[in-house]
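Undergrad: Here is a sequence with its predicted model. Questions after.
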Amino acid sequence: MASFDIERIQKILNETEASLQKIPQLKKVSEATSLKIVYILLGAIAVLLVLIYVFSGLRALSTLVGVVYPTWCSLKAIKSKEKDDDTLWLSYWVIYGIFSAFESITDLLLFWVPFYELLKICFYFYLFSPQLKGALTLYFVLLEPLVDRLVQIESNAVNAANSVKESISNSINSNKSK
């Protein structure tokens, strides 16, 4: 697992700052406040998150965590040539959908669990974390064996339906010929 690398974060902040300095309006704000644009934007994001929490609650924040970053990564995965990122994000959205459906049914019970929304945010981070890739783990451990069984059941049901259809068709055709 990757460790916390302050130098890497500083490098990313410096590169982002250099890119943002190219925008004249942001450069003027930076000069007027004597602050780096990155810090101004991070502060604005923090204020926005606090306002969302105050006015909409932790549930809104957990929805943002579960949707915004994964959506952005999914859009990037669509454009990439790699298959691995597609598998990760498809797995994420399948598990997110199953979890959301389960949560909507059990909402009255889960609402009373202390720190439920915080636990849900941690679960989302586990699912999409590049180091943990929890969505893939859950997919391969829980869903893939289930999907294999369900595909077999579906195949058997389709074969049975086709057999019934054939029997009825043969019965109708033999009655017409009489």
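TA: Structure's in. What do you need?

Undergrad: quick one: low-confidence parts of the chain?
TA: Counting by pLDDT under 70, the chain shows low-confidence ranges at 1-4, 177-178.

Undergrad: 90 instead?
TA: Applying pLDDT under 90 to the chain picks out residues 1-6, 8-9, 49, 52-53, 56-59, 107-113, 166-178.

Undergrad: Show me where it has its helices.
TA: Applying DSSP state H to the chain gives helices spanning 6-20, 24-33, 37-56, 58-79, 84-110, 116-128, 134-138, 144-177.

Undergrad: need those helices in TSV with mean neighbour count, can you?
TA: C-beta coordinates here come from the backbone N, C-alpha and C atoms, glycine included. As requested, the helices of the chain are exported to TSV (neighbours: other C-beta atoms under 10 Å):
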stretch	mean neighbour count
helix 6-20	12
helix 24-33	12
helix 37-56	12
helix 58-79	15
helix 84-110	14
helix 116-128	17
helix 134-138	19
helix 144-177	10
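
Undergrad: Quick check: chain neighbours aside, which residue is closest to Asp86?
TA: Of all residues not flanking Asp86 in the chain, Ala77 sits nearest, at 5.2 Å (C-beta to C-beta, 6 or more residues apart in numbering).

Undergrad: hang on, I meant Ser30
TA: Leaving aside its sequence neighbours, Ser30 sits nearest to Ile37 (C-beta to C-beta, 6+ apart; 4.8 Å).

Undergrad: I'd guessed the one you found sits against Val29; true?
TA: Yes - look at Ile37 against Val29 with C-beta atoms under 8 Å: they come within range, at 7.1 Å.

Undergrad: shared neighbours, those two?
TA: Common neighbours of Ile37 and Val29, using C-beta atoms under 8 Å, 6 or more residues apart in numbering, do not exist here.

Undergrad: So which residue is smack in the middle of this protein?
TA: Pro70 (4.2 Å; C-alpha atoms, centre = their mean).
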